[in-house]
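A.B. asks: what follows is a predicted structure for the sequence shown.
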Amino acid sequence: MTEEDKNKIRAYSKKTPKYLSRRKFNEEGALVEVQCSHCKKFKSISEFSKNKTQTDGLETKCKVCKQAK
């Protein structure tokens, strides 16, 4: 799979209803808040660790929930 194919998949994934329902954007379209997959609360993107393998580059769990294992 080429890098171009991967970019097409990422672009498509960011338009899906599931992706959009778990994220909040500001007027300019920048990502502001993400819903934690564990506690289900919307939190600032600064409360999530980075993860290059995810579509938006953030972990699915917030730092607090990840530490509470």
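C.D. replies: Arrived safely, thanks for sending.

A.B. asks: pretty sure Lys24 sits against Phe42.
C.D. replies: Yes. Contact criterion C-beta atoms under 8 Å: Lys24 and Phe42 qualify, at 6.2 Å. (C-beta placed from N, C-alpha, C; glycine too.)

A.B. asks: quick check: neighbours shared by those two?
C.D. replies: Glu33, Val34 (C-beta atoms under 8 Å, 6 or more residues apart in numbering).

A.B. asks: how about the helices in the chain?
C.D. replies: Applying DSSP state H to the chain gives helices spanning 3-13, 17-21, 63-67.

A.B. asks: quick check: which of the ones you listed is nearest to Asp56?
C.D. replies: Comparison of the helices of the chain against Asp56 by C-beta to C-beta identifies helix 17-21 as nearest, at 7.9 Å.

A.B. asks: for the residue positioned nearest the centre of the chain, give me the pLDDT.
C.D. replies: Centroid-nearest residue in the chain: Asp56, 4.4 Å away (criterion: C-alpha atoms, centre = their mean). pLDDT, Asp56: 88.

A.B. asks: do you know how far it is from Gly29?
C.D. replies: According to C-beta to C-beta, to the nearest Å, Asp56 stands 13 Å off from Gly29.

A.B. asks: fine by me, thanks again.
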